[in-house]
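Asker: would you be able to build a 3D model of this:
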Amino acid sequence: MDKKNIAVLFGGQSSEHEVSLVSASTIISNINKEKYNVIPIGITKKGKWLTYDGDVENIKNGSWEKDGIPAVISPDATQKCIIKINEGKAEIIPVDIVFPVLHGAWGEDGTIQGLLELAQIPYVGCGVLASAVSMDKYYTKIIAEDFGITQARYIYVFEEEMPQIDKILDFSEKNLGYPVFVKPANAGSSVGITKAKDRESLIKAIDLALKHDRKVLIEEAIVGRELECAVLGDKENVIASSVGEIIAGAEFYDYDAKYNNDDSRTIVNTELPEGKKEELQELAKKVFKAVDGSGLARVDFFMEEGTNRIIFNEINTMPGFTPISMYPMLMENSGIAIKDLIEKMIDIALNKKASVKFREEV
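Answerer: Numbering: from 1, shown residues only. Model prediction:
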């Protein structure tokens with residue numbers, strides 16, 4: 001059987017560049033090399049694309065860049081290839097599928113997915129629409145609201161509304177009170193999120209969030225447990241994992257608590273009141289289908305203290321694959337080891353493309 005060429009994209013220009021490097025090294029190390037020729041393509045923080053053919057460990061530490069050779073994925077659907085520029089000469093490398101292990105902006109937000117749609121190359125993960133609306137927490141909330149999914153009360157602020165900041169603050173205080181969480185609409189790994197407890201800290205939190213996006217969400221603070229569920233599948237068949245719980249080592253699970261605080265813990269099969277595991281799993285699948293998801297996602301919830309209400313928080317369409325990432329741990333706890341998980345994700349991507357072709361032929 002001829003091997004297929006699979007390009008693994010990593011790095012990127014977002015604030016989650018380093019997380020992507022670690023995720024990609026996990027993916028590359030666990031792809032079935034008997035079935036696939038792996039072609040790593042890194043994107044630097046400045047946006048330069050480079051193929052890399054060295055030790056996977058060097059991807060983690062960032063030293064891969066010095067050995068990279070310029071290359072791009074062609075958007076030409078008749079080529080379906082990588083164009084590698086080596087010593088002034090162009091080399092055409094056919095590519096059968098792409099695994100975009102990119103987190104955050106310019107990778108998880110529909111941009112890379114759009115390029116791959118133009119090229120008509122199958123790719124792992126959600127499509128353009130699902131990637132874009134799931135990355136943008138404002139639009140995720142609009143969709144969740146339309147589908148009747150319970151979520152925290154919120155208001156939004158656009159950068160151009162800042163001259164009316166006093167009115168916005170008054171409205172927030174009247175409708176949400178304190179404390180509140182302030183989030184950039186487009187950012188991952190809890191980057192730019194602040195908990196505000198009074199008017200002064202709310203102003204500072206909005207200013208910080210605006211450094212990451214022109215749209216900002218102000219949400220009521222939910223007191224309760226932070227729960228997560230992994231989903232895998234296509235539009236016809238979606239499975240949900242066991243339910244995990246985040247025990248934050250700080251006041252809330254921000255970027256530092258997630259990656260740098262040894263006191264933060266994750267539980268991959270947490271104890272829940274009767275019926276709540278099944279309720280959360282069904283909600284995770286409902287959210288995934290609501291955004292038109294395919295491939296994979298991690299869906300995050302709160303379980304409110306005192307009421308045990310399950311409250312949707314957000315969906316992540318390309319969750320991390322680091323040693324501390326919840327998605328692969330939840331799937332492994334549910335009986336799908338990392339190598340099998342990667343194989344299933346690739347199969348879903350290839351079958352998704354095949355089903356599109358079938359519909360076109362009919």
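Asker: going forward, measure contacts between C-alpha atoms and count neighbours the same way
Answerer: Will do.
Asker: can you give me the helices in this structure?
Answerer: Per DSSP state H, the chain carries helices over the ranges 17-30, 57-61, 111-119, 128-135, 137-146, 165-175, 199-210, 255-259, 276-290, 326-333, 338-361.
Asker: would you mark the buried spots in the fifth one?
Answerer: Neighbour-count burial for helix 137-146, counted by 16 or more other C-alpha atoms under 10 Å, picks out 137, 138, 140, 141, 143, 144.
Asker: need the contact partners of it.
Answerer: Applying C-alpha atoms under 8 Å, 6 or more residues apart in numbering, the contact partners of helix 137-146 are 133-134, 150-151, 156, 185-186, 215, 217, 287, 290-291, 314.
Asker: just the CA coordinates for it, please, in PDB.
Answerer: Output of helix 137-146 as PDB, limited to C-alpha atoms (Å, rounded to 0.1, in the frame of the first residue of the first chain):
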ATOM      1  CA  LYS A 137     -16.700  33.700  21.800                       C
ATOM      2  CA  TYR A 138     -19.200  36.500  20.900                       C
ATOM      3  CA  TYR A 139     -20.700  34.500  18.000                       C
ATOM      4  CA  THR A 140     -20.500  31.200  19.900                       C
ATOM      5  CA  LYS A 141     -22.800  32.800  22.500                       C
ATOM      6  CA  ILE A 142     -25.200  33.900  19.800                       C
ATOM      7  CA  ILE A 143     -25.400  30.400  18.400                       C
ATOM      8  CA  ALA A 144     -25.700  28.800  21.800                       C
ATOM      9  CA  GLU A 145     -28.500  31.200  22.700                       C
ATOM     10  CA  ASP A 146     -30.400  30.300  19.500                       C
END
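Asker: measure how that helix sits relative to helix 276-290, angle-wise.
Answerer: Computed by axes from the mean of the first three to the mean of the last three C-alpha atoms, to 10 degrees, the angle separating helix 137-146 from helix 276-290 equals 110 degrees.
Asker: run through the stretch 51-200 of the chain and note the low-pLDDT ranges.
Answerer: Residues of the stretch 51-200 of the chain meeting the criterion pLDDT under 70: 188-190.
Asker: same question, the stretch 251-362 of the chain
Answerer: 251-264, 353-362.
Asker: repeat the analysis, applying 80 as the threshold.
Answerer: Counting by pLDDT under 80, the stretch 251-362 of the chain has low-confidence residues at 251-264, 352-362.
Asker: circling back to that earlier point, would you turn the helices of the chain into a markdown table with distance to residue 238?
Answerer: Below are these laid out as a markdown table (distance: least, C-alpha to C-alpha, whole Å):
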| stretch | distance to residue 238 |
| --- | --- |
| helix 17-30 | 22 |
| helix 57-61 | 31 |
| helix 111-119 | 21 |
| helix 128-135 | 15 |
| helix 137-146 | 18 |
| helix 165-175 | 37 |
| helix 199-210 | 34 |
| helix 255-259 | 27 |
| helix 276-290 | 7 |
| helix 326-333 | 13 |
| helix 338-361 | 11 |
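Asker: out of those, the one nearest residue 74 is which?
Answerer: helix 111-119 (6.7 Å; C-alpha to C-alpha).
Asker: then the closest one to PDB, C-alphas only?
Answerer: What follows is helix 111-119, C-alpha atoms only, in PDB (Å, rounded to 0.1, in the frame of the first residue of the first chain):
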ATOM      1  CA  THR A 111      -8.100  31.100   8.100                       C
ATOM      2  CA  ILE A 112      -6.000  28.000   7.500                       C
ATOM      3  CA  GLN A 113      -9.100  26.000   6.900                       C
ATOM      4  CA  GLY A 114     -10.100  28.500   4.100                       C
ATOM      5  CA  LEU A 115      -6.700  28.000   2.400                       C
ATOM      6  CA  LEU A 116      -7.200  24.200   2.500                       C
ATOM      7  CA  GLU A 117     -10.700  24.500   1.200                       C
ATOM      8  CA  LEU A 118      -9.400  26.500  -1.800                       C
ATOM      9  CA  ALA A 119      -6.700  23.900  -2.300                       C
END
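Asker: how near is the spatially closest residue to residue 195 that is not a sequence neighbour to residue 170?
Answerer: Residue nearest to residue 195 in three dimensions, not counting chain neighbours: residue 181, with 4.6 Å by C-alpha to C-alpha, 6 or more residues apart in numbering. Distance from residue 181 to residue 170, counting by C-alpha to C-alpha, to the nearest Å: 16 Å.
Asker: mind listing the residues bridging to the residue nearest to residue 195?
Answerer: Note on residue 181: beta-bridge partners by DSSP bridges are residue 195, residue 219.
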